[in-house]
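Student: this is a predicted model, with the sequence first.
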Amino acid sequence: MKFSPPLDATNLLLSSSHPEMPELLPRRTTTILVVDDNADNALLMRELLTTKGYEVVVALQVEQAEQKIRQHHPDLILLDVVMPGKSGYELCRELKDDPATRLIPVVMITGLTDREDKVRGIEAGADDFLNKPIFPEELFARVKSLLKLKEFTDELENAEAVLCTLGLSVEARDPYTEGHCERLARYAGDLGRRMGLDEASVVALRRGGYLHDLGKIKVPDEILKKGANLSPEEWEIMKRHPITGENICKPLKSLRLVLPIIRHHHEHWNGTGYPDGLVGRQIPLLSRILQVVDVYDALRTERPYKPALSHDEAAQTMHDEAKAGLWDGDLVAEFFEMLAAQIQVA
């Protein structure tokens with residue numbers, strides 16, 4: 001049987017009209033936030049850093065700094081330790097605890113030399129320290145080094161964003177799956193939190209919602225859109241997509257928790273799934289979570305070969321299939337308990 005070739009990844013990225021596709025933005029000026037209650041010190045650092053081409057924003061108190069962070073999304077924060085009200089240690093700890101700001105490098109500036117003060121800064125998550133008085137050469141060197149690290153981090157995030165965009169592009173090839181990735185990311189993340197999983201696992205589940213079927217980028221349209229009654233040859237092509245997706249994402253170490261989700265979300269509790277025929281708890285927990293929400297969304301969505309089921313019909317079907325050995329019955333029960341609780345809250 002002859003198949004037409006699937007869209008090239010680059011063409012997919014450029015041709016998709018999915019509303020969630022991010023646009024490529026021009027590189028913006030590097031922004032540094034200086035937080036110091038001493039106006040003279042703050043203005044001096046702004047003058048020094050401006051000569052190096054940086055955009056510098058000044059805050060004279062922590063509350064003002066929090067507002068500036070929301071407004072300007074700085075690439076680096078120079079933070080005085082001793083501040084009126086909330087201390088620099090407290091602000092640093094809050095920034096590092098927040099997923100939205102934890103990757104912003106923070107340099108703590110202090111006139112204190114006690115080792116305990118540095119230990120407090122390290123425990124708060126500070127990336128570096130500068131002692132007063134500040135020498136321009138040292139300031140420039142520390143800033144340059146940490147901004148380089150931030151640049152690498154941004155490139156990593158951009159690479160992840162491109163892969164997620166490609167995942168949405170795969171979804172966009174089939175009009176019947178519109179919104180599927182977003183729903184899976186939301187369901188899986190919510191279920192992970194309900195089960196008390198750590199934040200890294202919850203993030204992996206959300207990413208898995210977008211990336212789980214990335215390998216279908218190599219599946220021809222006539223197979224992908226056929227959906228049911230595949231020939232043995234077509235089925236073998238379809239069954240390779242988890243491995244293809246895993247191989248695409250494998251170079252990014254930041255996606256290490258997502259790789260098992262991509263590879264194993266089509267395994268079955270009784271060992272009849274693919275690609276590795278894993279049985280029971282051999283299937284990684286995050287893969288089983290993504291699998292449960294994936295099955296639910298598929299049942300609730302109209303496809304060319306089937307109508308959409310109601311919520312109650314989908315629940316009955318999944319409980320029956322769990323008893324037959326396809327899914328983790330405990331996770332299926334947990335998922336529907338979560339949905340019931342969400343409906344009551346709404």
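Tutor: Now that the structure is in, tell me what you want to look at.
Student: where is the longest helix in this structure?
Tutor: If you go by DSSP state H, the chain has its longest helix at helix 136-172.
Student: on contacts alone, who are the packing partners of that one?
Tutor: On a contact count with 3 or more CB pairs under 8 Å, 6 or more residues apart in numbering; DSSP states H and E, helix 136-172 meets helix 9-15, helix 39-50, strand 76-80, strand 106-110, strand 128-131, helix 180-194, helix 199-211. In this view, the C-beta of every residue, glycine as well, is placed from N, C-alpha and C.
Student: chain center to it: distance?
Tutor: Offset of helix 136-172 from its chain centre (CA atoms, centre = their mean, to the nearest Å): 13 Å.
Student: buried residues in that helix, which are they?
Tutor: For helix 136-172, the neighbour count (16 or more other CB atoms under 10 Å) marks 139, 142-143, 146-147, 150, 160, 163-172 as buried.
Student: what about His241, how many residues nearby?
Tutor: His241: 24 surrounding residues under other CB atoms under 10 Å.
Student: ok, now which ones touch the residue nearest to it when sequence neighbours are not counted?
Tutor: Closest residue to His241 apart from its sequence neighbours, by CB to CB, 6 or more residues apart in numbering: Gly215 at 3.5 Å. Gly215 is in contact with 240-248, 262, counting by CB atoms under 8 Å, 6 or more residues apart in numbering.
Student: and the angle from the helix or strand harbouring Val332 to helix 180-194?
Tutor: Assigning secondary structure by DSSP states H and E places Val332 in helix 329-345. With axes from the mean of the first three to the mean of the last three CA atoms, to 10 degrees defining the directions, helix 329-345 sits at 100 degrees from helix 180-194.
Student: may I have helix 329-345 exported as PDB, CA atoms only?
Tutor: Only the C-alpha atoms of helix 329-345 are listed here, as PDB (Å, rounded to 0.1, in the frame of the first residue of the first chain):
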ATOM      1  CA  GLY A 329      -9.300   0.900  37.900                       C
ATOM      2  CA  ASP A 330      -8.200   3.000  40.900                       C
ATOM      3  CA  LEU A 331      -7.200   5.900  38.700                       C
ATOM      4  CA  VAL A 332     -10.400   5.700  36.700                       C
ATOM      5  CA  ALA A 333     -12.400   5.900  40.000                       C
ATOM      6  CA  GLU A 334     -10.200   8.800  41.200                       C
ATOM      7  CA  PHE A 335     -10.700  10.700  38.000                       C
ATOM      8  CA  PHE A 336     -14.500  10.500  38.100                       C
ATOM      9  CA  GLU A 337     -14.600  11.400  41.700                       C
ATOM     10  CA  MET A 338     -12.500  14.500  40.800                       C
ATOM     11  CA  LEU A 339     -14.900  15.400  38.000                       C
ATOM     12  CA  ALA A 340     -17.900  15.000  40.300                       C
ATOM     13  CA  ALA A 341     -16.200  17.300  42.900                       C
ATOM     14  CA  GLN A 342     -15.500  19.900  40.200                       C
ATOM     15  CA  ILE A 343     -19.200  19.800  39.000                       C
ATOM     16  CA  GLN A 344     -20.400  20.400  42.600                       C
ATOM     17  CA  VAL A 345     -18.000  23.400  43.000                       C
END
